[in-house]
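[1] I'll drop the sequence and a predicted model, then ask my questions.
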Amino acid sequence: MKTIITGALVAATVTFTACNNSNNNAHEAHQHDTAAMAMKQGSSPADHSIAQVKPQFTNVDANVMASLTPVFGHYLHLKNSLAADNSAEAASSGKAMEAALEKVDKAAMTPEQQKVYHENEDDLKEHAEHIGRNEGNIAHQREHFAQMSEDVYALVKAFGGKQTLYHDYCPMYNDNKGALWLSETKDIQNPYMGSKMPACGSVKEMIQ
């Protein structure tokens, strides 16, 4: 029995360390490269490990950006709701995001921009719908948020977010498979762990 208890304690310690070690093995090489990049760009010492990313498109129509901005805004509200363990607010944000996606001005996009948007549109709508319909089931909402975040990340990298956004990473979510999310602040507020481990994770990129 003593051996079993000791083993469990060791496993728990290893898991906790994995969350709080921002230089986890899966990202050490990436962080080393981005640190060098940041130094060349004259960033502050605190930003040396954060890659500086510029959006792919520099010719985004003003109407397109105006229609995408609410989508990103509802996503951030959803992220903050999950970080606060508030399933009801998360559902509300999911519904609002679903409605905002219906108003995105695709006609004003270039063919290349339309391609990127269409690659992510259906998934975003599906995840927003699931989150909106699953108030009270925050675990299910978080599952869809993890997949939604991949799509929103792709759009922000392509179109920009009309503000500085941070690409954060949680190494522990989904049985240590990890998941990303986007945040408007550099401070970690983990939407996957919530109040259990609010500061779990690290900043990987800054998208401007």
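    Perfect, thanks for sending it. Since we're looking at a predicted model, the values are computed, not measured.
[2] the protein: strands as residue ranges?
    Along the chain, counting by DSSP state E, strands occupy 51-53, 165-170, 179-183, 202-207.
[3] got a markdown table for those, with mean neighbour count, mean pLDDT and distance to A100 too?
    No exception for glycine: its C-beta is placed from N, CA and C like everyone else's. Shown next, in a markdown table, are the strands of the chain (neighbours: other C-beta atoms under 10 Å; pLDDT from 0 to 100; distance: least, C-beta to C-beta, whole Å):
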| stretch | mean neighbour count | mean pLDDT | distance to A100 |
| --- | --- | --- | --- |
| strand 51-53 | 17 | 93 | 24 |
| strand 165-170 | 22 | 98 | 17 |
| strand 179-183 | 22 | 98 | 16 |
| strand 202-207 | 20 | 97 | 20 |
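[4] can I get those strands in TSV including distance to H77?
    Below are these laid out as TSV (distance: least, C-beta to C-beta, whole Å):
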stretch	distance to H77
strand 51-53	23
strand 165-170	14
strand 179-183	12
strand 202-207	18
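[5] for this structure, which spans come out with low pLDDT?
    For the chain, the stretches with pLDDT under 70 are 1-48.
[6] among the strands of the chain, which comes closest to G136?
    G136 lies closest to strand 179-183 among the strands of the chain, at 21.5 Å (C-beta to C-beta).
[7] cheers, nothing more for now.
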